[in-house]
Each structure stands twice: as C-alpha cells, then as structure tokens.
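J.: sequence unavailable; structure follows:
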C-alpha cells in the first residue's frame with residue numbers, strides 16, 4: 001500500500017500531472033473513504049491458519065493453528081497432520097520437549113525439526129509415530145505463553161521429521177548407558193522438513 005501511496009503522490013502532486021490542487025484534495029478524500037477497507041483487508045490477510053507441504057517421497061504435512069487469537073499469558077496450540085501418500089511405512093519423529101527458537105524482534109517462533117543435537121551427549125528423548133501407506137495421523141504442539149509474550153501477530157514456523165527404519169532405535173537406550181550411538185543413527189536417517197508458517201495474534205489481556 002505504501003508503494004501505491006507513493007505513486008499516487010508523485011502523480012497528483014507533480015506539476016507535470018496537470019491537475020489542480022482542488023482536484024488532488026478531492027481525490028484524496030475519495031481515497032480516504034476506502035482506506036479503512038483496504039487496511040482491514042491487509043490486517044485480515046496477515047492471518048494464516050494453515051500451511052501444507054508434500055515431500056518428494058510423498059509425505060504430506062498439514063500444520064493448523066488451533067488458537068489463532070489468544071490473550072497475553074495464554075498458550076497457543078497447533079496440530080500437525082501427517083498423511084503417508086507413499087508406498088512404505090514412515091515413522092514421524094517427535095521430541096518429548098520440542099526445541100523452540102524465539103526471535104522477539106521479528107515476532108517469530110520456530111518449532112525446530114527433531115534434530116538429535118548435539119550428537120555427543122544428551123538424552124534420547126524421542127518418540128516415533130508409525131504412519132502406514134494411506135494412513136493419516138495427527139499430533140499436537142503447544143507454544144507456551146512465555147514464547148509469545150508481546151501483543152501482536154506472531155509467525156510460528158513448524159518443523160517436522162521422519163525416518164523409515166527404527167528397529168535399532170527402540171527400545172530406548174538402557175538407563176545409565178551412553179545414548180550417543182542412538183543419536184548418531186537417528187541423525188543419519190532423519191528427513192527434516194520445514195512445513196511452513198502459521199500465525200497467532202496476541203491481544204492485551206486487559207481488553
């Protein structure tokens with residue numbers, strides 16, 4: 001819109017345009033009458049409820065923002081639906097506590113794909129959801145209020161990941177053992193994807 005206003009100003013306020021000052025003010029009045037409608041359209045267009053990705057091996061991910069509007073102090077909720085359009089079973093990988101990267105200056109939050117990093121240490125805190133060919137499975141994720149702690153529209157980028165083989169990754173490493181070999185195996189097999197971004201608008205809790 002700013003570009004449009006800049007063009008309008010150059011056309012109607014330049015001597016070359018040949019218009020009179022009165023004509024310019026009339027045009028400005030006509031445009032201002034439609035300005036609230038244009039602004040409302042732009043605000044509405046910022047809201048993104050769903051994002052979809054289909055991978056090269058025909059795994060479809062749909063991310064949906066369940067709570068597009070929340071008050072300050074409230075959590076936001078998304079669902080991820082996985083459809084296996086391929087011919088082999090897949091195993092969707094989840095961390096028990098997902099890694100979330102917050103960029104407050106950009107009003108963005110990223111749910112990282114379930115990378116087993118760092119490889120050398122850390123628990124093996126992963127679960128696997130089997131999705132057979134033609135099957136659909138869903139899981140939920142929560143964006144804690146602490147991650148979206150300012151009034152405005154936040155962009156939530158959703159990452160995911162899957163593997164084709166887990167026979168040597170389950171059961172979990174025995175208690176007291178080094179999980180590094182499990183983490184290395186998962187890292188070499190993981191197919192990580194960024195599904196896309198959805199939005200959540202945080203409003204003042206006093207309103």
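T.: That came through, no problem. Nothing here was measured: the structure is a model prediction, and the numbers come from that model.
J.: now do the helices in this structure.
T.: 2-12, 21-45, 180-189 (DSSP state H).
J.: please report the distance of residue 129 from residue 73.
T.: Plainly put, residue 129 is 31 Å away from residue 73 if you go by CB to CB, to the nearest Å. Yep, even glycine has a C-beta here, placed from its N, CA and C like the rest.
J.: to clarify, my last question referred to residue 85.
T.: 40 Å.
J.: low pLDDT regions in this protein?
T.: Across the chain, the ranges flagged by pLDDT under 70 are 1-45, 119-122, 207.
J.: which parts of the chain are strands?
T.: When assigned using DSSP state E, the strands of the chain occupy the ranges 50-54, 59-65, 69-71, 76-84, 90-95, 100-103, 108-111, 126-131, 136-143, 152-163, 191-203.
J.: need those in a markdown table with mean neighbour count and distance to residue 178, can you?
T.: Shown next, in a markdown table, are these (neighbours: other CB atoms under 10 Å; distance: least, CB to CB, whole Å):
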| stretch | mean neighbour count | distance to residue 178 |
| --- | --- | --- |
| strand 50-54 | 15 | 35 |
| strand 59-65 | 20 | 31 |
| strand 69-71 | 15 | 41 |
| strand 76-84 | 19 | 31 |
| strand 90-95 | 21 | 19 |
| strand 100-103 | 14 | 27 |
| strand 108-111 | 20 | 28 |
| strand 126-131 | 16 | 16 |
| strand 136-143 | 15 | 29 |
| strand 152-163 | 21 | 21 |
| strand 191-203 | 18 | 24 |
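J.: residue 179: what's it in contact with?
T.: Residue 179 is in contact with 122, 123, 124, 172, 173, counting by CB atoms under 8 Å, 6 or more residues apart in numbering.
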